[in-house]
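Novice: Pasting the sequence and the predicted coordinates here, then a few questions.
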Amino acid sequence: MTNFGAAGTGKMTGRPAPTLLRRALAAMLSLAILAVSAGCGEKTAFTPPPPPKVTVSQPVTQPVTDYLEFTGNTQAINTVQLKARVEGYLEKVFFKDGDMVKKGQLLFLIQPNTYEAKLKQAEAEILSQKAKLFHAKTEYARYTKLVAQKAAAQTDVDNWLYQRDAAQAAVMSAEAQRDLARLNLSYTKVTSPFDGRIDRRLKDPGNLVGAGEATLLANVDQIDPLYVYFTMNERDLLDVTQETKESVGAIIRKDIPLYLGLANEKDYPHKGYLDFASISLNPTTGTLTLRGVFPNPKGMMLPGLFARLRVPVTQKPSALLVPTVAIGFDQLGPYLLTVDDKNVVQRRGVKLGPEVKDLTVITEGLKDKEWVITNGLLMAIPGKQVTPVKASVPNSEPPPPPAPGGQLKKAAP
């Protein structure tokens, strides 16, 4: 048993007194409180992030041609069915199926000897009738003199007058038969009516053709130049005529240029002109049929092809263009994000015009001195500040020349 010593001596033996322990713990606690207090006394200020950087540029101002776009189909400018107009055996064929043929080129030969003989017969009949006419004229002259001498009856004169007139009519009839025989002989040679491309032959040599009907021999298409038919809806037609104050016929007479691209071609490399418009709209579809003419010297375009068409309708001398990537769309329609003089983002609803390469025409909702956000659109929030970085917009290619004979105007959608 440990002895804490006698009372009143103030000495301890074995372990420290409780008072000293409490003092040590209190000192340690005070140091901890001081340390915490010193740490809490330091204040760090919050720094907000800077506004996001966006690229901005002003619209490009330049002349732009507005277009109407259509789809249509190519068609041969002339199509002819070659038929046998006389009866006979088909002797020869002078082409290969699918050849390019020239105007007047011999294509088929129908047995001609029968028609040559009929022509000779008709010519002989003319000679016979002319001889009768000569005889009738001679007798009429003789009997006219005899009547004057009281040596013949008047009935003889009248008879020879009749004979003369009848012979003259017979000569005319024989000459007509000769012309018909010559025409039938010419029909034995079937030629091409124009330069074009011939289809496959439908009858082989040795077949009897033209027996009781005009036998179809082949088809020929003229494909240089080439027609392209397409339709314009009622709204576009009314807009064009309202702006020009002219009728459709007057517009067509101005030879409006027309540009064509095939299904596998980029843009519209073929140039032609507008030459025909129907006299009325189709009441079922509400469209007007139009036709363009395109040169096709090499025959590369065939009838029946799908065609994309563009018609210039407006020459805008000063249009505003922005990069197409800067245009956004929402439930209210197309819009642009602009930056004002305080670098605050603003939403601008706009109306769009035609596209020119990578740029798009803005017809309403934008001014030429405004700064449009072209890059960093996801970080630009309307009503919030941004840090704009100015950049220039490259110019597009110059527009094609306007349509000759005046300009049409078409309001952009």
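Specialist: Structure's in. What do you need?

Novice: Next, the buried residues of the top helix by length along the chain.
Specialist: Longest helix in the chain, counting residues (DSSP state H): helix 113-148. For helix 113-148, burial by neighbour count (16 or more other C-beta atoms under 10 Å) applies to 114-115, 118-119, 122, 125-126, 129-130, 132-133, 136-137, 139-140, 143, 147. Backbone N, C-alpha and C define where each C-beta goes, glycine included.

Novice: Could you do stretch 200-215 as well?
Specialist: Of the residues in stretch 200-215, those buried (16+ other C-beta under 10 Å) are 201, 203, 209-210, 215.

Novice: quick one: contacts of that stretch?
Specialist: 83-93, 95, 97-98, 108, 110, 216-218 (C-beta atoms under 8 Å, 6 or more residues apart in numbering).

Novice: Now go through these and say which are in strands.
Specialist: 83, 88-93, 108, 110, 216-218 (DSSP state E).

Novice: how about residue 302, what does it touch?
Specialist: So residue 302 contacts 74, 223 (C-beta under 8 Å, 6+ apart).

Novice: Now do it against residue 324, distance only.
Specialist: Computed as C-beta to C-beta, to the nearest Å, the residue 302 to residue 324 distance reads 35 Å.

Novice: For residue 175, identify the helix or strand it belongs to.
Specialist: Residue 175 is part of helix 154-187 when elements are defined by DSSP states H and E.

Novice: what mean pLDDT would you report for that helix?
Specialist: Helix 154-187 carries an average pLDDT of 94.

Novice: ok, now stretch 80-94?
Specialist: 95.

Novice: Show me which residues of it are buried.
Specialist: 80, 82-88, 90, 93.

Novice: same deal with stretch 350-358?
Specialist: Buried residues in stretch 350-358 (16+ other C-beta under 10 Å): 350, 352-354, 356.

Novice: Low-confidence ranges, the stretch 251-400 of the chain, go.
Specialist: 392-400 (pLDDT under 70).

Novice: where along it do the strands fall?
Specialist: 257-262, 270-277, 287-294, 306-323, 328-330, 333-339, 345-349, 351-356, 359-364, 371-375, 387-390 (DSSP state E, counting those that start in this stretch).

Novice: about what we covered before: can you tell me which of the buried residues of stretch 200-215 lies nearest to residue 157?
Specialist: Nearest to residue 157 among the buried residues of stretch 200-215: residue 210, at 49.8 Å, using C-beta to C-beta.

Novice: what's the distance between the closest one and residue 82?
Specialist: 12 Å.

Novice: got it, and residue 105?
Specialist: On the measure of C-beta to C-beta, residue 105 and residue 82 end up 12 Å apart.

Novice: same check, this time on residue 284
Specialist: 35 Å.

Novice: swap in residue 216?
Specialist: 7 Å.

Novice: what do you get for residue 356?
Specialist: Counting by C-beta to C-beta - residue 356 and residue 82 are separated by 49 Å.

Novice: Would you agree residue 234 is in contact with residue 280?
Specialist: No - if you go by C-beta atoms under 8 Å, residue 234 and residue 280 don't touch, sitting 11.6 Å apart.

Novice: Between those two, tell me which one has more neighbours.
Specialist: Comparing residue 234 with residue 280 by other C-beta atoms under 10 Å, the one with more neighbours is residue 234, at 13 against 8.

Novice: Phi and psi next, for the more buried one.
Specialist: phi -60, psi -40 (degrees, to the nearest 10).

Novice: Identify the residue nearest it in space, chain neighbours excluded?
Specialist: residue 286 (4.6 Å; C-beta to C-beta, 6 or more residues apart in numbering).

Novice: Tell me the bridge partners for the most centrally placed residue in the chain.
Specialist: Taking C-alpha atoms, centre = their mean, the centroid of the chain lies closest to residue 309, which sits 1.2 Å from it. Assessed by DSSP bridges, residue 309 has beta-bridge partners residue 70, residue 260.

Novice: Give me the pLDDT value at residue 44.
Specialist: 59.

Novice: let me fix that: residue 18
Specialist: In this model, residue 18 carries a pLDDT of 57.

Novice: and residue 317, how many neighbours does it have?
Specialist: Quick note: residue 317 (other C-beta under 10 Å) scores 8 neighbours.

Novice: Could you list which residues are in contact with it?
Specialist: Applying C-beta under 8 Å, 6+ apart to residue 317 gives the contacts residue 63.

Novice: Please renumber the chain so that the first residue is 48 from this point on.
Specialist: New numbering, starting at 48: the last item is residue 364.

Novice: Can you give me the distance of it to residue 110?
Specialist: For residue 364 relative to residue 110 (C-beta to C-beta), the value is 5 Å.

Novice: how about the nearest residue to residue 217 once chain neighbours are set aside, what does it touch?
Specialist: Distances taken as C-beta to C-beta, 6+ apart put residue 176 closest to residue 217, at 4.2 Å, once the chain neighbours are dropped. Shown in contact with residue 176 (C-beta under 8 Å, 6+ apart): 214, 217-218, 220-221.

Novice: of those, closest to residue 299?
Specialist: Using C-beta to C-beta, those come closest to residue 299 at residue 220, 49.8 Å.

Novice: how near is the residue nearest to the closest one when sequence neighbours are not counted to residue 222?
Specialist: Nearest residue to residue 220, sequence neighbours excluded (C-beta to C-beta, 6+ apart): residue 176, at 7.6 Å. Per C-beta to C-beta, residue 176 is found 9 Å from residue 222.

Novice: one step back: for the residue nearest to residue 281, the count of nearby residues, please.
Specialist: Neighbours around residue 333, by other C-beta under 10 Å: 12.

Novice: right, and it touches residue 279 too?
Specialist: No - counting by C-beta under 8 Å, residue 333 stays clear of residue 279, with 10.0 Å between them.

Novice: Just the C-alpha atoms of stretch 288-301, please, in CSV.
Specialist: What follows is stretch 288-301, C-alpha atoms only, in CSV (Å, rounded to 0.1, in the frame of the first residue of the first chain):
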residue,chain,number,x,y,z
THR,A,288,-45.4,39.0,-111.7
GLN,A,289,-46.1,41.5,-108.9
GLU,A,290,-42.6,42.7,-108.7
THR,A,291,-42.0,43.0,-112.5
LYS,A,292,-45.5,44.3,-113.4
GLU,A,293,-45.3,42.2,-116.5
SER,A,294,-47.1,39.2,-117.9
VAL,A,295,-45.5,35.7,-118.0
GLY,A,296,-45.3,35.9,-121.8
ALA,A,297,-43.4,39.2,-121.6
ILE,A,298,-41.0,37.7,-119.1
ILE,A,299,-40.3,34.7,-121.2
ARG,A,300,-39.5,36.8,-124.2
LYS,A,301,-36.6,38.3,-122.3
